[in-house]
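1. okay, predicted coordinates and the sequence, questions at the end:
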Amino acid sequence: MNNIYNYTLEMLEEYFLSIRDKKFRATQIFDWLYKKRIKKFEEMTNIKKDILNHLKNEFNIKKIDIVDIKEGKDVSKYLFKLFDNRYIEAVLMEHDYGKSLCISTQVGCNMGCKFCESGRLKKVRNLETYEMVEQILLIEEKTKTRISHVVLMGIGEPFDNYDNVMNFIRIINENKGLGIGARHITISTCGLVDKIEKFMNENTQVNLAISLHAPNDEIRNKIMPINRKYRIKDIIDIVKLYIKNTNRRVTFEYIMLDGINDSSTCAYELSDLLKGLNAYVNIIPYNETNNIEYKRSKNDKIMSFYDILKRNKINVTIRREFGSLIDAACGQLRSKHEEE
Ligand code: SAH
């Protein structure tokens with residue numbers, strides 16, 4: 001049976017028309033699910049009995065389970081258990097502008113980035129839309145607060161689960177759903193060029209971030225296997241087209257790995273690569289993990305890298321760090337649990 005939280009408003013409208021009911025029923029259902037947050041179909045008191053019976057027979061309304069919470073300063077990590085006894089995580093961060101949630105999109109990941117702890121578990125399966133939606137619903141319920149921003153930067157490659165992810169975005173962006181503004185949602189990809197192109201044609205205001213992490217193919221090949229399929233030039237070409245077509249700024253994420261991609265030569269090369277693009281670079285201090293030998297760049301290296309970009313008129317910020325003390329930092333999600 002299909003989970004009701006897999007359904008966008010449009011899909012539900014189609015469904016109700018298909019059972020010879022009114023399109024408007026979908027709005028009512030969304031109101032119960034996303035505004036009133038009911039837990040059982042029976043609580044939908046303005047829905048006629050025969051329609052309720054349809055719902056009960058054709059959909060389930062089950063949730064995933066929160067099985068563990070770890071709290072740190074301005075950050076908490078939620079471990080979820082899925083119906084097939086798999087685990088995923090989401091990380092809630094408190095900013096001055098609101099709360100942002102970093103959600104997972106797959107169980108495991110196949111991109112194989114060498115520095116990433118989360119990706120050491122190969123992809124088991126894609127998350128269904130409801131499993132992404134419910135990460136938000138359950139954490140809002142637990143914390144009794146509203147999540148204002150969502151980043152798709154947890155476990156998984158969102159563009160390797162394209163359709164489910166797009167439906168997820170439609171549901172959380174829909175005003176009659178969670179009403180999270182498109183500009184408050186960010187998709188992060190390791191650079192699946194064909195999907196970036198598809199995404200460009202969706203006509204949404206959702207932010208795009210690309211994990212670049214290297215200024216040339218030689219370095220990128222060593223740390224990100226996906227670069228053998230899509231080269232840096234392919235990425236830059238599609239980003240140019242993306243910016244031209246959408247008028248939106250693109251973010252490049254750049255992890256600082258000691259002795260790998262943090263030299264001043266790299267900084268100059270990156271400046272040349274991005275010069276004139278409506279883009280900005282988000283420098284991420286690497287979170288070291290026990291199982292991977294890469295080290296975080298020294299602070300003065302990070303600062304001089306930053307300065308070189310600045311002097312070359314590249315927009316650049318250094319990411320504020322959350323969660324390293326509770327193993328909730330980028331690339332560190334889940335692994336302990338699955339291995340036990
Ligand atoms: N697959 C997507 C989204 C998930 S990873 C992507 O590649 O963008 C989210 C971000 O965390 C990526 O930029 C990824 O490269 C980065 N990351 C992975 N491991 C990390 C680590 N140990 N320290 C800091 N950032 C890391």
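-> Great, that's in hand. Residues are numbered from 1 along each chain as shown.

2. give me the neighbour count for Arg146.
-> By other CB atoms under 10 Å, the residues close to Arg146 number 12. Heads up, the C-betas are built off the backbone N, CA and C, glycines and all.

3. surely it is in a strand?
-> No: assignment of Arg146 by DSSP: H, G, I helix; E, B strand; the rest coil gives coil, placing it outside any strand.

4. and the helix or strand containing Ile139, how far out from the chain middle?
-> If you go by DSSP states H and E, Ile139 is part of helix 129-143. For helix 129-143, the distance from its own C-alpha centre to the chain's C-alpha centre is 14 Å (CA atoms, centre = their mean, to the nearest Å).

5. helices and strands around it, which ones?
-> With contacts defined as 3 or more CB pairs under 8 Å, 6 or more residues apart in numbering; DSSP states H and E, the packing partners of helix 129-143 are strand 65-72, strand 75-81, strand 87-95, strand 98-102, helix 162-173.

6. hmm, the longest one touching the ligand?
-> Translated: helix 162-173. No: against the ligand, helix 162-173 shows no contacts by CB under 6 Å from any ligand atom, the least distance being 10.9 Å.

7. neighbours of the residue in the stretch 1-150 of the chain that the ligand sits nearest to, how many?
-> In the stretch 1-150 of the chain, the residue found nearest to the ligand is Cys116; the distance is 3.8 Å by CB to the nearest ligand atom. Cys116 is surrounded by 25 other residues when neighbours are defined as other CB under 10 Å.

8. OK, contacts around Ile232?
-> Neighbour list for Ile232: Leu212, Ala214, Pro215, Asn216, Asp217, Arg220, Leu273 [criterion: CB atoms under 8 Å, 6 or more residues apart in numbering].

9. tell me the angle of the helix holding Ile139 relative to strand 65-72?
-> If you take axes from the mean of the first three to the mean of the last three CA atoms, to 10 degrees, helix 129-143 sits at 50 degrees to strand 65-72.

10. re earlier: wait, is the residue of the stretch 1-150 of the chain closest to the ligand part of a strand?
-> No: if the criterion is three-state DSSP, then Cys116 is coil and not within a strand.

11. phi, psi of it?
-> Here is the backbone geometry of Cys116 (degrees, to the nearest 10): phi -100, psi 120.

12. same question for the one 5 residues further on.
-> According to degrees, to the nearest 10, the main-chain angles of Leu121 amount to phi -90, psi 120.

13. please identify the buried residues of the helix holding Ile139?
-> Buried residues in helix 129-143, counting neighbours by 16 or more other CB atoms under 10 Å, are found at Thr129, Tyr130, Glu131, Met132, Val133, Glu134, Gln135, Ile136, Leu137, Leu138, Ile139, Glu140.

14. rounded mean pLDDT for the helix or strand following it, please.
-> Past helix 129-143, heading to the C-terminal end, the next element that is a helix or strand (DSSP H and E) is strand 149-152. In this model, strand 149-152 has an average pLDDT of 98.

15. what does stretch 95-104 give?
-> The average of the pLDDT scores along stretch 95-104 is 96.

16. before we move on, what about stretch 185-205?
-> Model confidence over stretch 185-205 averages 97 on the pLDDT scale.

17. got the CA positions of it in PDB?
-> Coordinates of the C-alpha atoms in stretch 185-205 are reproduced here as PDB (Å, rounded to 0.1, in the frame of the first residue of the first chain):
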ATOM      1  CA  ILE A 185      15.700  24.700   0.200                       C
ATOM      2  CA  THR A 186      19.100  23.600  -1.100                       C
ATOM      3  CA  ILE A 187      20.000  20.500  -3.100                       C
ATOM      4  CA  SER A 188      23.600  19.500  -2.900                       C
ATOM      5  CA  THR A 189      25.000  17.200  -5.600                       C
ATOM      6  CA  CYS A 190      28.400  15.700  -6.400                       C
ATOM      7  CA  GLY A 191      27.900  16.900  -9.900                       C
ATOM      8  CA  LEU A 192      25.600  14.600 -11.900                       C
ATOM      9  CA  VAL A 193      25.500  16.800 -15.000                       C
ATOM     10  CA  ASP A 194      22.600  15.200 -16.700                       C
ATOM     11  CA  LYS A 195      20.500  15.700 -13.600                       C
ATOM     12  CA  ILE A 196      21.600  19.300 -13.200                       C
ATOM     13  CA  GLU A 197      20.300  19.900 -16.600                       C
ATOM     14  CA  LYS A 198      17.000  18.300 -15.800                       C
ATOM     15  CA  PHE A 199      16.800  20.300 -12.600                       C
ATOM     16  CA  MET A 200      17.500  23.500 -14.500                       C
ATOM     17  CA  ASN A 201      14.300  22.800 -16.600                       C
ATOM     18  CA  GLU A 202      12.100  22.400 -13.500                       C
ATOM     19  CA  ASN A 203      11.800  26.100 -13.200                       C
ATOM     20  CA  THR A 204      12.200  26.200  -9.500                       C
ATOM     21  CA  GLN A 205      13.800  28.700  -7.100                       C
END
